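Colleague: Turn this into a structure:
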Amino acid sequence: MKSYAILPSLLNIYFMQLNKRACMVGLTLFLFTNTILMAQTLSRARGLGLKIGVLPIGQHNAITDVPGVKVGQLTLHESSNIRTGVTAILPDSGNLFQNKIPAAIFVGNGFGKLAGSTQVMELGNLETPIALTNTLGVATAMEALIDYTLAQKGNEKVQSVNALVGETNDGYLNDIRGRHVRKEHVLKAIQSAKTGPVEEGNVGAGTGTVCFGFKGGIGTASRKFPAALGGYTLGVLVQSNFGGVLQIDGVPIGEELKQHYLSEYFKDKADGSCMIVVATDAPLDSRNLERLAKRAFLGLGKTGGIASNGSGDYVIAFSTALGNRVPHDSQESIQTSTTLRNDAMSALFMAAIEATEEAILNSLFMAKTTTGKDGHKIEALPMEKVLPLLKKYGKMP
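Modeller: Residues are numbered from 1 along each chain as shown. Below you'll find the predicted structure:
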């Protein structure tokens with residue numbers, strides 16, 4: 001009789017264990033399915049729960065969080081072999097030629113064609129919007145920027161314009177020799193420039209780029225300081241088209257996937273270039289902007305970029321602080337301005353590193369697999385493999 005009395009209890013325990021196992025299986029299936037769905041849906045790094053650095057971000061986590069900065073893009077995705085475009089960065093909507101802004105350039109590796117760079121480095125200011133495009137589109141973009149500047153009210157007597165144009169070579173996916181970027185494309189990118197969220201991935205100048213052997217593109221990020229640190233905003237935009245050994249927040253993704261420069265399984269030459277644009281409303285002169293630009297390059301290094309021999313890696317940094325504008329014409333021989341002290345630069349240095357690293361990752365996360373010239377195909381970063389690795393290393397919940 002006692003043995004029969006125990007039987008219901010044993011059955012209850014059995015079914016409880018069975019239910020627990022079923023729940024565990026269900027939870028495992030849910031997490032697996034959720035990971036797959038996340039991998040299939042394009043999302044920026046933070047949208048996936050990946051937090052880069054420790055500083056707070058701006059409203060849109062974009063270069064346009066810097067007051068006054070606008071971005072416009074024109075994408076050319078035509079026939080089977082045109083994969084290119086233009087990305088325009090406007091530091092200000094007014095007449096930049098008549099009211100120039102402090103700027104600086106840092107050359108990480110000079111195998112590139114950053115047109116207009118020497119005057120910026122010599123005089124320490126910027127007088128046109130910045131255009132990014134492909135290598136053989138630089139001359140066309142310069143012409144368009146010159147047309148844009150000459151047409152502005154107040155520039156009727158201007159006879160010299162220093163147009164600033166950066167590039168990366170998208171010739172693997174794009175018919176670059178066809179020189180499909182036209183002046184009207186550049187002007188349309190400028191005219192469409194706006195504040196707010198910035199489209200990333202296969203867009204504008206990033207339409208045909210390749211990064212770490214995967215599809216690269218346009219990426220952006222920002223950092224916003226509290227009032228105690230000046231309340232300044234710093235934003236970064238990148239055109240990623242370079243190589244090396246990919247790391248995501250310190251996780252050796254390239255090694256784990258066995259897809260990296262010098263890997264026997266992955267024939268990536270690591271060449272290609274990266275354009276980095278850094279904007280801030282902190283009152284900086286060209287000297288400290290150059291120091292800031294150097295730190296942005298550290299952000300590229302944190303992603304595993306190696307600035308290879310064939311890579312043109314440049315950083316353009318500028319300040320939109322109103323008190324530091326440089327008038328084209330002035331009756332005064334002395335100009336005064338207010339600039340941040342050297343001792344106050346460290347936080348901005350950190351912001352430039354963090355935002356550059358995150359912008360590059362966003363360019364990868366938001367890019368799509370692309371087939372282009374001669375049937376060449378570049379796969380997007382395989383998020384279905386990357387996300388589990390990030391979780392394995394404790395970088396994601």
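
Colleague: Run through the residues that contact the closest residue to T75 other than its chain neighbours.
Modeller: Closest residue in space to T75, ignoring its immediate chain neighbours: G85 at 4.3 Å, by CB to CB, 6 or more residues apart in numbering. (Each C-beta comes from the backbone N, C-alpha and C, glycine too.) Contacts for G85 (CB atoms under 8 Å, 6 or more residues apart in numbering) come out as 73-76, 133, 181, 185, 189, 203-208.

Colleague: for E127, same thing?
Modeller: E127 touches 96-97, 100, 149, 161-162, 328, counting by CB under 8 Å, 6+ apart.

Colleague: Could you rerun that using 10 Å?
Modeller: Residues in contact with E127 (CB atoms under 10 Å, 6 or more residues apart in numbering) are 95-101, 103, 116, 119-120, 145, 149, 158, 160-164, 326, 328.

Colleague: what's the answer for K70, then?
Modeller: Per CB under 10 Å, 6+ apart, neighbours of K70: 63-64, 88-93, 129, 190, 192-196, 198.

Colleague: What does the pLDDT read for it?
Modeller: For K70, the model assigns a pLDDT of 98.

Colleague: so what's it closest to, chain neighbours aside?
Modeller: A193 (3.8 Å).

Colleague: Please tell me how far the one you found sits from G72.
Modeller: Using CB to CB, to the nearest Å, A193 is found at 3 Å from G72.

Colleague: So which of the two has more stuff around it?
Modeller: Using other CB atoms under 10 Å, the more surrounded residue of A193 and G72 is G72, with 22 against 19.

Colleague: And the more buried one, its phi and psi?
Modeller: Backbone torsions for G72, taken as degrees, to the nearest 10, come to phi -130, psi 150.

Colleague: List the contacts of it.
Modeller: Neighbouring residues of G72 by CB under 10 Å, 6+ apart: 86-90, 129, 131, 186-194, 198, 204.

Colleague: Equivalent analysis for Q152, please.
Modeller: 94-98, 128, 158.

Colleague: which among these end up buried?
Modeller: 96-98, 128 (16 or more other CB atoms under 10 Å).

Colleague: Of the contacts of G72, grab the buried ones for PyMOL.
Modeller: In PyMOL, this line selects whichever of these come out buried by 16+ other CB under 10 Å:
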select buried, resi 86+87+88+89+90+129+131+186+187+188+189+190+193+198+204
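
Colleague: which residue ranges form the strands in the stretch 1-150 of the chain?
Modeller: Taking DSSP state E, counting those that start in this stretch to define them, one finds strands in the stretch 1-150 of the chain at 70-78, 82-90, 99-110, 125-126, 130-134.

Colleague: Go through these and name the closest to G394.
Modeller: Distance to G394, taken as CB to CB, is lowest for strand 99-110 among these, at 30.8 Å.

Colleague: how far out from the middle of the chain is the closest one?
Modeller: In terms of CA atoms, centre = their mean, to the nearest Å, the centre of strand 99-110 is found 17 Å from the chain centre.

Colleague: Stretch 272-289 now?
Modeller: 13 Å.

Colleague: Can you give me the end-to-end span of that stretch?
Modeller: Terminal residues of stretch 272-289 are spaced 25 Å apart (CA to CA, to the nearest Å).

Colleague: Tell me which residues of it come out buried.
Modeller: Under 16+ other CB under 10 Å, the buried positions of stretch 272-289 are 272-286, 288-289.

Colleague: ditto for stretch 240-260
Modeller: Buried residues in stretch 240-260 (16+ other CB under 10 Å): 240-249, 251, 253-254, 256-257, 259-260.

Colleague: got it, and stretch 376-383?
Modeller: 376, 378, 380-381, 383.

Colleague: now those as TSV including distance to A296?
Modeller: As requested, the buried residues of stretch 376-383 are exported to TSV (distance: CB to CB, whole Å):
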residue	distance to A296
H376	30
I378	25
A380	25
L381	22
M383	26
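
Colleague: Counting neighbours, what do you get for the closest residue to F297 other than its chain neighbours?
Modeller: In space, F297 comes closest to G108 once its chain neighbours are excluded; the distance is 4.8 Å by CB to CB, 6+ apart. If you count neighbours by other CB under 10 Å, G108 ends up with 23.

Colleague: separation between G108 and L234?
Modeller: Taking CB to CB as the measure, G108 falls 19 Å from L234.

Colleague: Likewise for I89?
Modeller: 14 Å.

Colleague: do the same with G312
Modeller: Distance from G312 to L234, by CB to CB: 24 Å.

Colleague: same thing with L150?
Modeller: The spacing between L150 and L234, counted by CB to CB, is 32 Å.

Colleague: who has more neighbours, these two?
Modeller: A count of neighbours by other CB under 10 Å puts L234 above the other of L150 and L234, at 31 against 13.

Colleague: Provide the strand pairings for the host helix or strand of the more buried one, with the direction of each partner.
Modeller: Using DSSP states H and E, L234 sits within strand 233-240. Using DSSP bridges, the strands paired with strand 233-240 are strand 218-224 (antiparallel), strand 274-280 (antiparallel).
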